[in-house]
Each structure stands twice: as C-alpha cells, then as structure tokens.
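Peer 1: I would like the atomic coordinates for the input below:
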Amino acid sequence: GYTYDFAVLERYLDVAERNMGKPKHVVLVAWEVYMLPTDRAERAGLGHRVRRLASDRAHIRGGPMNKRVLIADDEKNMRWVLRQALEAAGYDVIEAADGASALQAIDDQSPDLMVIDHKMPAPDGMEVLRRLRAKGLGFPIIMLTAHGNVTSAVEAMKAGASEYLTKPFDLDELKLSIEK
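Peer 2: Next up is the predicted model:
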C-alpha cells in the first residue's frame, strides 16, 4: 500500500490547478495526483479537487488532450475493456454497438479516431469503413476482428484502415496503434 503525504499532495494540486489548460510540458505534477484513491482524497478533504483535475487528466498524465475515440463493437464486454483502457490513457471515448450507431456517432460527435469490429450488426465494420472513406473522411480507423485472415486484412487496408488487429490483442499494441 501507498501512503500519502496530503500536504505534498495539496502542493501538487495547487500546481496542477494553476496549469489546467496549458500545454502538457508546462505541468509538473506527480503521478499520484491522478492515482490517489477517491476515498482517501475524500477523507483528506481533497476529493473535489482531485475529481476536477481528473476531468483534465490528460494534463496530469501527459496523455492525449481531448482526443475522441469511437469504439464500435457489438460485444458489450469488449467495449467496456477498451473504454477503461483508453480513458485511463486520457482519451475521451464514444461507444457504438453496431454499424448504424457508429455512423450516427461520427455525424454527431466527430471522433478523431475509430476502433471498429469487422463483424457486427449492419452495416458491418468493412461497410462502415468504405462509407467513411467514400465521404472523404480520413481520420484513422483501426479494424479489429476475431476472424482474421490475410485476405480480410488486405481488404481492410485497401479500403483505408490504418491498422488491422486480430482478437485477442494486446492492449498495449492497440494503444501504440492509436498513438501513431
């Protein structure tokens, strides 16, 4: 278990709050500001400050600032795992359970990047990819599949996918693909 020096934490919070919204290289905040368990922060009377900074966590963690990632997958558990990993890395996450919802989310929320399952309810991931590229939308699209083969990988890349990953995949590999 970690022990927390709340006087030191308060100084870190002061620095972070003064630098909210500034470029990440200006922020000199310790890792534990983000990692502090909420119950301990509450007991120390610092919970409201930690929560406010958590919404600006990209500055604290040095992650991507306000980058929106659309996760389109019909598997609820897969969406949950990806959401947890990407939000922890500082991304804003949008979810869609099928191709139609993904297309609507793109129109409504303009993601910076999409992670999409190849096989899902209509339209499937390949069709969504083709429609987006036909519209001239060029944001990165990472295709995921549990049924991967060389032919479908080549088809996805030719259609405009930035990456093609086979399930199960390593979350670090996905994060690296997203960071590219």
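Peer 1: tell me the pLDDT of residue 43.
Peer 2: The score at residue 43 is 58. That number is its pLDDT.
Peer 1: when you give positions from now on, start the count at 33
Peer 2: Got it, first residue is 33 now, which makes that one residue 75.
Peer 1: show me the contacts for the spatially closest residue to residue 149 that is not a sequence neighbour.
Peer 2: In this structure, residue 149 finds its nearest non-sequential neighbour in residue 105, 4.1 Å apart by Cβ to Cβ, 6 or more residues apart in numbering. Where you see a C-beta, it was placed from the backbone N, CA and C, and this is true even at glycine. The contact partners of residue 105, taken as Cβ atoms under 8 Å, 6 or more residues apart in numbering, are 111, 114, 128-129, 147-149, 152, 176.
Peer 1: where in the protein is pLDDT low?
Peer 2: Low-confidence segments of the chain, defined by pLDDT under 70, span residues 33-98.
Peer 1: which stretches in it count as helices?
Peer 2: For the chain, the helices defined by DSSP state H occupy 38-50, 64-67, 70-75, 79-86, 89-93, 108-120, 131-141, 157-166, 182-191, 203-211.
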